[in-house]
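J.: Could you look at this predicted model? Sequence included:
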Amino acid sequence: MTDPSLAELSNTLFSVSVALYSVALVAFCAELAFGRRRERAQERVGAAAGTGGGGVALADRPAGTVETASSNRWGAIALGVTVIGALAHAGVLLTRGLAADRLPWGNMYEFATAVVLVAVVAFVGFAVRSPNLRHIGVFVLAPVILGLVAIGLGLYTEAAPVVAALRSYWLAIHVTAAILGFGIFMVSGIASVLYLVRSRPGADSGTGFVSRLPSAAALDQLAHRTAVFGFPIWTFAVIAGAIWAEAAWGRFWGWDPKETWSFVAWVVYAAYLHARTTAGWRGRPAAWVNVVGLVVMIFNLTFVNLVSTGLHSYAGVE
């Protein structure tokens, strides 16, 4: 039995989370707009040093945007609203799970919603540890909002018990690992896209938003760290999926479209981590591999589930 009131609350919280993320996006835009470019701050440092003033703190700031009082205020507001939005977002899944009395990732709507939540939480975690990374908030929340709108419009299904094929403890193991891996890879891919933009020749001398992003080195490090974190989780998800397949269908691997593209994604991310440490592939070539990995993940979620036919089709849109 499904609790209609909890199901309705879940739908309401979904709309609330999109609204809160939209407010946070505006605040992140304001932070990016009001931050001063690094070169101007360096000029102030030089002037302060020449008069005996204390300019060391500014000189030690990471490359990219230098905080002003206004920028810092907007950034704090943006991050705070993002956290509130993430709590509402988590409430979407919690109330939906309680409504259907099961884990809330038994179909594409729930799976995709959970993936986006993991991406938001991962971004918040890094932004809290390294405030300079707040300046990528615009480029994280924009796809988050677009993704949630697309999920709500195209993938929504009514809360209901899962189909018989998913009534297994492996749902909590395999699918949870896949959600965590995908969400973390989402942040990694966005960081690599921004790294490719930031590392272009002349990016530092520009006057637009590019010069206000974190340094190329900081973005590359974020992309690498998140990929390193997400790769073993995704590896475990692929292995757990094979074990579940043997229990459910009598074989570990059958080259089902979902299995195949999950393995392709694993190969691409393995190639990225290898390229990141290989002479001649460090920097932009490796970043492109990481971007390809994110494209493969999105393709696996959308095209493979919605267009192709396979043994995983039961988790599609009802």
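T.: Done, it's in. Keep in mind that this is a model prediction, so the values were computed, not measured.
J.: going forward, measure contacts between C-alpha atoms and count neighbours the same way
T.: Fine.
J.: pLDDT weak spots in the stretch 1-150 of the chain?
T.: For the stretch 1-150 of the chain, the stretches flagged by pLDDT under 70 are 1, 35-71.
J.: The same query, at a cut-off of 50, please.
T.: Low-confidence segments of the stretch 1-150 of the chain (pLDDT under 50): 38-65.
J.: for the longest helix along the chain, packing partners?
T.: In the chain, with assignment by DSSP state H, the single longest helix is helix 216-249. The contact analysis (3 or more Cα pairs under 8 Å, 6 or more residues apart in numbering; DSSP states H and E) places helix 216-249 against helix 176-198, helix 257-275.
J.: if you average pLDDT over the longest one, what comes out?
T.: Per-residue pLDDT values over helix 176-198 give a mean of 95.
J.: List the buried residues of it.
T.: 176-196, 198 (16 or more other Cα atoms under 10 Å).
J.: Could you do stretch 286-297 as well?
T.: Neighbour counts over stretch 286-297 (16+ other Cα under 10 Å) mark 286-294, 296-297 as buried.
J.: how about the helices in this structure?
T.: So, for the chain - with DSSP H - the helices run 4-34, 38-50, 56-59, 69-100, 108-129, 137-154, 170, 176-198, 216-249, 257-275, 284-301, 303-306.
J.: Adding distance to Val163, write those helices out as TSV.
T.: Compiled in TSV, those are given as follows (distance: least, Cα to Cα, whole Å):
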stretch	distance to Val163
helix 4-34	18
helix 38-50	55
helix 56-59	58
helix 69-100	12
helix 108-129	13
helix 137-154	20
helix 170	14
helix 176-198	17
helix 216-249	13
helix 257-275	18
helix 284-301	19
helix 303-306	16
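J.: Quick check: which of these is nearest to Ala160?
T.: Closest of those to Ala160 is helix 69-100, at 5.3 Å (criterion: Cα to Cα).
J.: Give me the helices and strands touching the closest one, please.
T.: Right, helix 69-100 is packed against helix 4-34, helix 108-129 by 3+ Cα pairs under 8 Å, 6+ apart.
J.: Now do it against helix 137-154, angle only.
T.: 30 degrees (axes from the mean of the first three to the mean of the last three Cα atoms, to 10 degrees).
J.: before we move on, back to that, the helices and strands packed on helix 69-100: which one's closest to Gly97?
T.: helix 4-34 (8.7 Å).
J.: Tell me which other helices or strands that closest one touches.
T.: The contact analysis (3+ Cα pairs under 8 Å, 6+ apart) places helix 4-34 against helix 69-100, helix 137-154.
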